[in-house]
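>>> Give the three-dimensional model of this entry:
(one chain, ligands or ions: 2)
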Amino acid sequence: MGLFERKSSSPPAFPPSPSSVINAPAAPQGSPQPESQVNSGGPKAMVISFANQKGGVAKTTTTLNLAVAFAEKGNRVLCVDLDPQSNLTMSQGIDPDSLDVSMYDVLVNRISIREVIRKREIDVACSSIDLAGAEIAMSTQIGRERSLQKAFAPILEDYDFICIDTPPSLGLITINALTASNKVIVPVQCEYLSMRGLIQLQNTVAMVKEDLNPDLEIEGILPTLVDTRTVHAKEAIEILEENFGDRVFASRITKTVRFAEAPVKGMSVLKYDPDGKAAFAYRRLAEEVLGHGSR
Ligand code: ADP
Ligand code: MG
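Ligands and ions are numbered 1, 2, ... in the order given. Below you'll find the model as predicted:
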């Protein structure tokens, strides 16, 4: 059985309600502990990576807008920008060139992640162009796949959700994101060619699961940039559903110019056009992820 397939008897991939996330029992304590388990007591954040090695499939858009939809429901949310292009950082109105430190310093120089968090609609752990050199700088470090997981340990109790935007590659940065995550959401542009890359991503998730993070699960595949006027988009969704069954979210994100307009204003679409179709689509996705919607 492939990773994307879901056994009908298997439990839901996500806890059924936000309260069950929040009230999940803490990991058992004991000593000595590895750094990643040093926290005690309270409930820990659900960490979700948004990954697809193809660019332009709405990873950044989905990370930000789903994160804001979680926040609207009263959750404490952190977005972590791991793309050197810094689109998520910029789309919250932050100039990456103005930052003294960024996720590069968290991953490479092991500074506290709190030093790179800015408070906007949600909290943002900011990226800068430096991150383009992070993979080479980390390549000789011991434990290089776990740098992000270690950086999260002290803040897991500060948030209900940590949403990680990844770069368009399956390199060490994305491996760090997957290793630090409980779930992966895969935005897919509904074109046949962009769906072929899903197999490669599936293999990477399987490798991370086997060697680094056995708990990692694919939460769902999200059809994005859906052009409802074309037969091609309809067929592409059908192919996706034939191959990946109920791993495909019921939510669809259709094409609208609002997604291009909102980042220019430094806002999510939920803030820019709160009553629009685009905002509604991400709120519905949030319900689905939280287990309230139908799939
Ligand atoms: P990625 O992070 O995968 O590279 P982005 O989230 O940056 O993708 O999206 C790529 C481009 O598509 C951006 O210009 C974004 O504004 C636009 N976009 C994203 N979602 C939509 C949508 N539903 N409708 C129209 N444009 C969109
Ligand atoms: Mg992006």
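
>>> which residues does the residue in the stretch 101-250 of the chain positioned nearest to ligand 1 contact?
Residue of the stretch 101-250 of the chain nearest ligand 1, by Cβ to the nearest ligand atom: L225 (5.1 Å). (Glycine included, C-beta is placed from N, CA and C.) Going by Cβ atoms under 8 Å, 6 or more residues apart in numbering, L225 touches V57, A58, Q189, C190, I253, K255.

>>> Report pLDDT for the fifth one.
Yep, that's I253 we're talking about. With respect to pLDDT, I253 scores 96.

>>> quick one, strands of the stretch 151-295 of the chain?
Using DSSP state E, counting those that start in this stretch, the strands of the stretch 151-295 of the chain run over 161-165, 183-189, 217-224.

>>> Enumerate every residue touching F259.
A58, T61, V269, A278.

>>> And for E210?
Applying Cβ under 8 Å, 6+ apart to E210 gives no contacts.

>>> Tell me the secondary structure at the residue in the chain that ligand 2 sits nearest to.
Closest approach between the chain and ligand 2, counting by Cβ to the ion: T60, at 3.3 Å. The three-state assignment at T60 reads helix, by DSSP: H, G, I helix; E, B strand; the rest coil.

>>> I'd like the contacts of F259 laid out as a markdown table, including pLDDT.
A markdown table is the format used below for the contacts of F259 (pLDDT from 0 to 100):
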| residue | pLDDT |
| --- | --- |
| A58 | 96 |
| T61 | 97 |
| V269 | 97 |
| A278 | 94 |
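
>>> would you list those in a markdown table and tack on neighbour count and distance to L201?
Formatted as a markdown table, the contacts of F259 follow (neighbours: other Cβ atoms under 10 Å; distance: Cβ to Cβ, whole Å):
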| residue | neighbour count | distance to L201 |
| --- | --- | --- |
| A58 | 20 | 15 |
| T61 | 26 | 18 |
| V269 | 26 | 25 |
| A278 | 23 | 25 |
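
>>> which of those come close to ligand 1?
Among the contacts of F259, the residues lying close to ligand 1 (Cβ under 6 Å from any ligand atom) are A58, T61.

>>> Was I right to think V208 contacts N176?
No - in this structure, V208 is not within contact of N176 by Cβ atoms under 8 Å, at 9.8 Å.

>>> neighbour-wise, which of the two wins?
A count of neighbours by other Cβ atoms under 10 Å puts N176 above the other of V208 and N176, at 29 against 23.

>>> Name the nearest residue to that one, sequence neighbours excluded.
Computed as Cβ to Cβ, 6 or more residues apart in numbering, the closest residue to N176 that is not its neighbour in sequence is L148, at 4.1 Å.

>>> Wait, that neighbour touches A180, no?
Yes - taking contacts as Cβ under 8 Å, L148 lies within contact range of A180: 4.3 Å.

>>> which residues are in contact with both of these two?
I164.

>>> how deep is the nearest residue to G55 once chain neighbours are set aside tucked in, by neighbour count?
With Cβ to Cβ, 6+ apart as the criterion, G55 has its nearest non-adjacent residue at 3.8 Å, and that residue is P168. By the criterion of other Cβ under 10 Å, P168 has 17 neighbours.

>>> check contacts around P168.
Each residue near P168 by Cβ under 8 Å, 6+ apart is listed here: N52, Q53, K54, G55, G56, K59, D83.

>>> Phi first, then psi, for it.
With angles defined as degrees, to the nearest 10, P168 sits at phi -80, psi 60.

>>> Helices along the stretch 51-200 of the chain, start to end?
Using DSSP state H, counting those that start in this stretch, the helices found in the stretch 51-200 of the chain span residues 59-72, 87-91, 103-108, 134-138, 147-152, 172-179, 192-211.

>>> Could I get these in TSV, plus columns for distance to D273?
Formatted as TSV, those follow (distance: least, Cβ to Cβ, whole Å):
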stretch	distance to D273
helix 59-72	11
helix 87-91	14
helix 103-108	29
helix 134-138	34
helix 147-152	32
helix 172-179	29
helix 192-211	26
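
>>> and the strands of the stretch 151-295 of the chain as TSV, adding mean neighbour count, distance to ligand 2 and mean pLDDT?
Listed next are the strands of the stretch 151-295 of the chain as TSV, based on neighbours: other Cβ atoms under 10 Å; distance: least, Cβ to the ion, whole Å; pLDDT from 0 to 100:
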stretch	mean neighbour count	distance to ligand 2	mean pLDDT
strand 161-165	29	6	98
strand 183-189	24	10	96
strand 217-224	23	12	95
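
>>> In JSON lines: those strands, plus distance to L240.
Shown next, in JSON lines, are these (distance: least, Cβ to Cβ, whole Å):
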{"stretch": "strand 161-165", "distance to L240": "22"}
{"stretch": "strand 183-189", "distance to L240": "7"}
{"stretch": "strand 217-224", "distance to L240": "6"}
